[in-house]
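Participant: this one's structure only:
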C-alpha cells in the first residue's frame, strides 16, 4: 500500500476466545484514511474475531493493535470510541424498540446534549433519507433503512475509523449494492478509514481499495481489491468454494 498515514493497524496479531486456542494467527493489516479495506474469506475464517480482537472483545494472545501509530491493544470499546473508532456489528446494531432519533442520541451518548443535537444535524446531512423517519421505530423499517440507521448511529462520535461487520447480512442483492456502493464507499470518500468484513466477497471487492483474504485465521493474500477480484484462483483459495457475489 502507499505511504499515506495508517489509521488502524494490526501487527502479527494472535487472538481468540480461550487462552490456548487462537482463532486469528499472526494477522497484519493496515487501513488508511479515505480507503475501504475489505477483509474477505470463507465462513469460520476468523474475520469477525479479528474485529473483536481490535475492539478488545476477543482475547489478544500476542501482537499489537495500533490506532494512528499508538498502541491500543486490549483498550476496550468505550476508550476506542473516545479515540475515534466506530463499530457496526453484524447483529444487534440498532435498538428496534427505539425511534431513529433515539438511536442517534444513543450513538452520541459521550457528547454533551447541545453538542449531540448539533451532531445529529451533521449526520442527517449525510443521511437525508433518515430526516423524515426520525420518529419511526427502527423495528418497523426496512433492512436497508435499519443498516443506514446503524451506520448513522456509529457516526455520531465523528469516528476516523469505522469497523463494519457484515453490513449486508440478510439483505437482498439490490440492497446489498445500495449499502456497499452508496453507503460504505461514500464513508471512505468522506475521509473515513473503513475496515469492511464481508462474506459477499465480489460485491465488497468492487467498492474496496485494498483487500485481505483470510483463511483459517491467517492472511493468505493481500492485494489491491481490483487485483484480488481478478484473481483466477480466488475460488480455490476459498477452500474450494466459488466466489460469492
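Facilitator: All right, it came through fine. No experiment lies behind these values; they were computed from the predicted model shown.
Participant: and the lengthiest helix in the chain, average pLDDT?
Facilitator: For the chain, the helix reaching the highest residue count under DSSP state H is reported as helix 113-126. Averaged across helix 113-126, pLDDT comes to 88.
Participant: what residues does it touch?
Facilitator: Residues outside helix 113-126 that contact it (C-beta atoms under 8 Å, 6 or more residues apart in numbering): 101, 104-105, 108, 111, 130-131, 152, 155-158, 186, 190. All C-beta atoms are positioned from the backbone trio N, CA, C, and that covers glycine.
Participant: helices and strands of this structure: which one has the lowest mean pLDDT?
Facilitator: The element with the least model confidence among the helices and strands of the chain, by mean pLDDT, DSSP states H and E, is helix 234-237, at a mean of 74.
Participant: Show me what that helix is packed against.
Facilitator: strand 210-215 (3 or more C-beta pairs under 8 Å, 6 or more residues apart in numbering; DSSP states H and E).
Participant: Beyond the strand it packs on, next helix or strand please.
Facilitator: strand 218-224 (DSSP states H and E).
Participant: in the next helix or strand after that next one, what counts as buried?
Facilitator: Towards the C-terminus, the helix or strand next in line after strand 218-224, according to DSSP H and E, is helix 225-230. Burial within helix 225-230, assessed by neighbour count using 16 or more other C-beta atoms under 10 Å, is assigned to 225, 228-229.
Participant: From the contact counts, what lies against helix 225-230?
Facilitator: In this structure, helix 225-230 packs against strand 36-40, helix 201-207, strand 210-215, with contacts taken as 3+ C-beta pairs under 8 Å, 6+ apart.
Participant: residues making contact with the longest one?
Facilitator: Translated: helix 201-207. Among residues not part of helix 201-207, those counted as contacts by C-beta under 8 Å, 6+ apart are 36, 38, 40-41, 168, 176-177, 180-181, 184-185, 196, 198, 211, 225-226, 228-229, 234, 238, 243-245.
Participant: Buried residues, that helix. List them.
Facilitator: 201, 203-207.
Participant: Pick out the most distant pair among those.
Facilitator: Longest distance between any two of those is 11.7 Å, between 201 and 207; criterion C-beta to C-beta.
Participant: re the thing from before, buried subset of the contacts of helix 113-126, written for PyMOL?
Facilitator: Selecting only the buried entries of the contacts of helix 113-126 in PyMOL, with 16+ other C-beta under 10 Å as the criterion:
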select buried, resi 104+105+108+111+130+152+155+156+157
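Participant: JSON lines please, covering the contacts of helix 113-126 and showing secondary structure.
Facilitator: Putting the contacts of helix 113-126 into JSON lines (DSSP: H, G, I helix; E, B strand; the rest coil) gives the following:
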{"residue": "101", "secondary structure": "helix"}
{"residue": "104", "secondary structure": "helix"}
{"residue": "105", "secondary structure": "helix"}
{"residue": "108", "secondary structure": "coil"}
{"residue": "111", "secondary structure": "coil"}
{"residue": "130", "secondary structure": "helix"}
{"residue": "131", "secondary structure": "helix"}
{"residue": "152", "secondary structure": "helix"}
{"residue": "155", "secondary structure": "helix"}
{"residue": "156", "secondary structure": "helix"}
{"residue": "157", "secondary structure": "helix"}
{"residue": "158", "secondary structure": "coil"}
{"residue": "186", "secondary structure": "helix"}
{"residue": "190", "secondary structure": "coil"}
